[in-house]
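Colleague: build me a model:
(one chain, ligands or ions: 1)
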Amino acid sequence: MICVHTNYRIVECVGNTPLFRLSTVTGELERQGVSVYVKAEHLNPSGSVKDRAAKAMILDGIRSGQLTEGKSIIDGTSGNTGISYAMIGAALGYGVTLCLPKNANIERKRILRAYGAEIIETDPLQSSDGAQLAAKRIAEEEPEKYFYPDQYNNAENWKAHYNGTALEIWEQTDKKITHFVAGMGTSGTFIGTSRRLKQLNPSIRTIAMQPDSPLHGLEGMKHLATTLLPGIYDSKVADGQIDISTEEAQRMQLRLAREEGLFVGISSGANVSAALQLAAGLPPGSVVVTILCDSGLRYLSDGLWAKESST
Ligand code: PMP
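Modeller: Below is the predicted model of the structure:
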């Protein structure tokens, strides 16, 4: 869409992302009549799926009077939500302060600084839980200064996917989707999209992807059994679970870049890997959809590229 409206702003470009059909990493699946699609959330304006939730939570804060002129937005984030808050805060004129584990990679910190956000570094050993608790404490200490969206407990997070992502996937697959697969950080993407898809067609099955161990970090993904459970998580929504190792996720991340031209992050590699595992056992006519969560550009200083000579 070309928009010539003079008040058109970057925030209005969130969502309505393309859905691509995978054609090479799928191997024999296409011949077996099973298709796998990816929702290209890395093409959102700040480069990740979290633009949807951040936009919904900020607009709700403004509507409800909790976010007023002069206040700053504060939250805990492993990076992507922070970048989305920073982009939207800059566009709408709000300061943004983010609690971020100290070991968050340099790309994330530099992007946040580029948008003008303030960073408070938290204990890396406590990962995203530590960032979340720090943001809560600061927001409670200075309620007149901060708006605290609390992404782990804010219903606007999953509703952004209930009202957006799910309906887009439903239309883009011509109502033919049979299975949805996604990993969980706050769980907003998985819970919101799954809830709506199941209302649209109760026979749709939704499968949660998880890292195969609490020790194996898949950036942005929680190992639910060993972390603070997000308030918006609902254990009744998933019909099944597939565990993916970091090595497998990285392998698929590279294959997506080299065989499909999709340069995305490690959680996207993990999602596609889980989607392909699921698809391998499905009957002809099945249509599997998963999420490409963020851009590969956000990981250039990370593990995969540290062993660059071997890749
Ligand atoms: N992938 C990445 C890289 C993320 O940062 C996140 C959010 N932390 C997700 C996926 C999952 O999104 P959600 O919070 O909606 O579960």
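Colleague: near the ligand, which residues of the stretch 51-200 of the chain show up?
Modeller: Along the stretch 51-200 of the chain, the residues adjacent to the ligand under the rule CB under 6 Å from any ligand atom are Ser78, Asn80, Gly183, Met184, Gly185, Thr186, Ser187, Gly188, Thr189, Phe190. C-beta: built from backbone N, CA, C; applies to glycine.
Colleague: which residue comes closest to the first one once chain neighbours are left out?
Modeller: In this structure, Ser78 finds its nearest non-sequential neighbour in Ser128, 4.6 Å apart by CB to CB, 6 or more residues apart in numbering.
Colleague: now do the last one
Modeller: The shortest distance from Phe190 to any non-neighbouring residue, by CB to CB, 6+ apart, is to Ala182 (4.4 Å).
Colleague: quick check: that neighbour is in a helix.
Modeller: No: Ala182: not assigned to a helix; according to DSSP: H, G, I helix; E, B strand; the rest coil it is strand.
Colleague: where does the stretch 101-250 of the chain have low pLDDT?
Modeller: Across the stretch 101-250 of the chain, the ranges flagged by pLDDT under 70 are 215-217.
Colleague: which parts of it are strands?
Modeller: 118-122, 146-147, 179-183, 205-211, 240-244 (DSSP state E, counting those that start in this stretch).
Colleague: most packed of those strands?
Modeller: Stretch with highest mean neighbour count among those: strand 179-183 (a mean of 27; mean count of other CB atoms under 10 Å).
Colleague: so Leu200 touches Ala166, yeah?
Modeller: Yes: with contact defined as CB atoms under 8 Å, Leu200 reaches Ala166; the gap is 7.4 Å.
Colleague: who does Val287 form a beta bridge with?
Modeller: In this entry, Val287 is beta-bridged to Ser35, by DSSP bridges.
Colleague: that one is in contact with Val181, isn't it?
Modeller: No: under the criterion of CB under 8 Å, Val287 is not in contact with Val181, lying 11.7 Å apart.
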